[in-house]
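S.K.: What follows is a predicted structure for the sequence shown.
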Amino acid sequence: YAIWTAVWVTWNIFIICFYLEVGGLSKDSELLTFNISRHQSWWSENGPGCVRKEAPMSGIKGLDNHSYISVIGCALEYRYIEVMHSSFQILIALVGFVYACYVVSVFTEEEDSFDFIGGFDPFPLYHVNEKPTNLLFKQTYL
């Protein structure tokens, strides 16, 4: 879990740096799609307040099913939504890591009051009830 949390936090820090264009990264590059496709963030077309307008591209062979999409009226730019989403993911991962550390410490905590002979029993097996001394001297009859 700790390794996965570290990978997840690292990935989300990269996403934040990517969309805020920190350190020479550019949100317009094909880095996230490995230069395979022209896909963008889902939030770029479906953000709060965004209105999508599609215009079919006719006359170009091979693009019969594709259309040009323009987006207007977005209340918040998609890159800021991506940054907030990644920040929230980091917060959840850190809270989960702290909670996991707490759970591990609860299960591995050693209790110093353990009695190695009797264990946790309130009436241990090695405890002998003392009998009155007058019973020791009585004869037993068969």
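M.R.: All right, it came through fine. Residues are numbered from 1 along each chain as shown.

S.K.: And whatever helix or strand Thr5 lives in, what does it pack against?
M.R.: For Thr5, the element it lies in under DSSP states H and E is helix 2-19. Contacts defined by 3 or more CB pairs under 8 Å, 6 or more residues apart in numbering; DSSP states H and E place helix 2-19 against helix 78-108. (C-beta placed from N, C-alpha, C; glycine too.)

S.K.: by how many degrees do the helix it packs on and helix 2-19 diverge?
M.R.: Angle, helix 78-108 to helix 2-19, by axes from the mean of the first three to the mean of the last three CA atoms, to 10 degrees: 160 degrees.

S.K.: Buried residues, helix 78-108. List them.
M.R.: By neighbour count on 16 or more other CB atoms under 10 Å, the buried set for helix 78-108 is 78-79, 81-83, 85-86, 89-90, 93, 97.

S.K.: Just the CA trace of the helix holding Thr5, in CSV.
M.R.: C-alpha atoms of helix 2-19 as CSV (Å, rounded to 0.1, in the frame of the first residue of the first chain):
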residue,chain,number,x,y,z
ALA,A,2,2.8,2.4,0.8
ILE,A,3,4.5,1.8,-2.6
TRP,A,4,1.2,2.3,-4.4
THR,A,5,0.5,5.5,-2.5
ALA,A,6,3.9,6.8,-3.4
VAL,A,7,3.4,6.0,-7.1
TRP,A,8,-0.1,7.6,-7.0
VAL,A,9,1.1,10.8,-5.3
THR,A,10,4.0,11.1,-7.7
TRP,A,11,1.6,10.7,-10.7
ASN,A,12,-0.7,13.3,-9.4
ILE,A,13,2.1,15.7,-8.7
PHE,A,14,3.2,15.2,-12.3
ILE,A,15,-0.4,15.9,-13.5
ILE,A,16,-0.4,19.1,-11.5
CYS,A,17,2.9,20.2,-12.9
PHE,A,18,1.8,19.3,-16.4
TYR,A,19,-1.4,21.3,-16.4
